[in-house]
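Peer 1: Can you look at this prediction? I've put the sequence above it.
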Amino acid sequence: MKKIIISLIASALTLASYAQIGQGDTTLNSADRIILSNSKITLGGYAQIDYNQALNNNGTNKNGKMDVHRMVFLTGYKFSDNVSFVTELELEHVKEVYVEQAFVNWRLNDYMNFRGGLMLVPMGIVNEYHEPVTYNGIERPNLDKYIIPSTWREMGAGFSGTIAELNLRYQAYIMNGFSSFDGSAKFSGKSALRGGRQKGAESTFSNLNYTSKIEYYGISKLKVGVSGYFGKSQSTLYNNVGDENFESATADSSVVGLSMVSLDARYKNKGFEARAQYVLGNISNTTQYNTMLGTNLGSSIQGYYIEAGYDVLRLFPLKTDKRLVVFGRYENYDTHNKVEKEMTKNESYNRTDVTLGLTFHIASGVALKADFQQFKKEEAGSSISNQVNFGIGVWF
């Protein structure tokens, strides 16, 4: 199955298209909307409100959970036709406050923009397009939680732009990276790199990281991207480190190297829509890291999903701008895809999710959602768990 998904996406790279931003693309994210706005000040936001109910599993009943999962306030200011500032302030679970984006965009010419500040890492689909009406399902795919740890953002600077003659859109940034140690281990076998996101909050900086994404467009309705992230993690042990070999070796053992690549494709034609994504990350120096910190980080992480949906309202002679999308998604993600020879692979970290559901777009920025999920671990003897979810997504 994995080889099939990889082959399909790789083949699509030769055929893919991406509608040029500002010229008919209806999948702009929040930052793009602010930058392309003609207003001096732009205000907006999005919200996700959830109800999650685990079903009776192994004779055990569980309480449901109701949550204002996130409420985000968007603000943009245009200093001139070419210089904008983008901010995204998020409240999670009513009580946690985060800054998700805060960067300057300077349009240098028709082909290039300079960006600097707190920015989204351009990996995959959901990390950049995470507004709740832009994807199916109450929750984001777990691939985009455990492999690409959305919402993943770091401090950095670089360039983005569109080369219309080559049908390419690109991004390339030098960024701060994950924190692997700040007094304790930040990575683990189960959640991989997620615990190391620094989010621009007094971030430790000891190593440069590089990330880029290229999107190729030309054929309408199909969007394909390839992205990469390369570098080393950050560690507080490098602060005030001396010239002694022991201190330097200890600091080096608290750092891992990361090489991650992602392929993604999105297709939408009339009532039919589909998307697929594959991510592979290789992590080096895990033997030293695990030995020093007593954790079980894998040396490779991997995941993929494929999803398809159809607007069933198109089957009826209705004059409406509403959409009712019936969809299904299959995903597999493994944070112990590979481990070093001295470690035993934990098969419970190899997980498969199936999601079936409905997304009812009652207006262009409002979606009512319902879905059923089945979770399975590949570990021998593990049981399958089920859950139903209901929610509301808003974006304006």
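Peer 2: That came through, no problem.
Peer 1: can you confirm residue 291 is in a helix?
Peer 2: Yes: judged by DSSP: H, G, I helix; E, B strand; the rest coil, residue 291 forms part of a helix.
Peer 1: I figured it hits residue 253, correct?
Peer 2: Yes: in this structure, residue 291 is within contact of residue 253 by C-beta atoms under 8 Å, at 7.4 Å. (Glycine included, C-beta is placed from N, CA and C.)
Peer 1: Now do the shared contacts for the two.
Peer 2: Common contact partners of residue 291 and residue 253 (C-beta atoms under 8 Å, 6 or more residues apart in numbering): none.
Peer 1: So which of the two has more stuff around it?
Peer 2: Taking other C-beta atoms under 10 Å, residue 291 and residue 253 do not tie; residue 253 has more neighbours (19 against 12).
Peer 1: Look up how far residue 239 lies from the more buried one.
Peer 2: Counting by C-beta to C-beta, to the nearest Å, the separation of residue 253 from residue 239 is 15 Å.
Peer 1: what does residue 160 give?
Peer 2: Per C-beta to C-beta, residue 160 is found 32 Å from residue 239.
Peer 1: Which pLDDT value goes with the residue nearest to the spatial centre of the chain?
Peer 2: In the chain, the centroid-proximal residue (C-alpha atoms, centre = their mean) is residue 127; its distance is 2.7 Å. pLDDT, residue 127: 97.
Peer 1: residue ranges with poor pLDDT in the stretch 151-300 of the chain?
Peer 2: Along the stretch 151-300 of the chain, segments meeting pLDDT under 70 span 242-247.
Peer 1: Could I get the full set of strands for it?
Peer 2: Under the criterion DSSP state E, counting those that start in this stretch, the stretch 151-300 of the chain carries strands at the ranges 153-163, 168-175, 179-181, 209-216, 222-232, 234-235, 257-269, 272-284, 300-311.
Peer 1: would you turn the ones you listed into TSV with mean neighbour count and distance to residue 334?
Peer 2: Converted to TSV, these look like this (neighbours: other C-beta atoms under 10 Å; distance: least, C-beta to C-beta, whole Å):
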stretch	mean neighbour count	distance to residue 334
strand 153-163	19	24
strand 168-175	19	26
strand 179-181	25	20
strand 209-216	20	22
strand 222-232	21	18
strand 234-235	25	25
strand 257-269	19	14
strand 272-284	20	10
strand 300-311	21	5
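Peer 1: between the ones you listed, which one is nearest to residue 248?
Peer 2: Closest to residue 248 of the strands of the stretch 151-300 of the chain is strand 234-235 (C-beta to C-beta; 11.6 Å).
Peer 1: Right, I'll leave it there.
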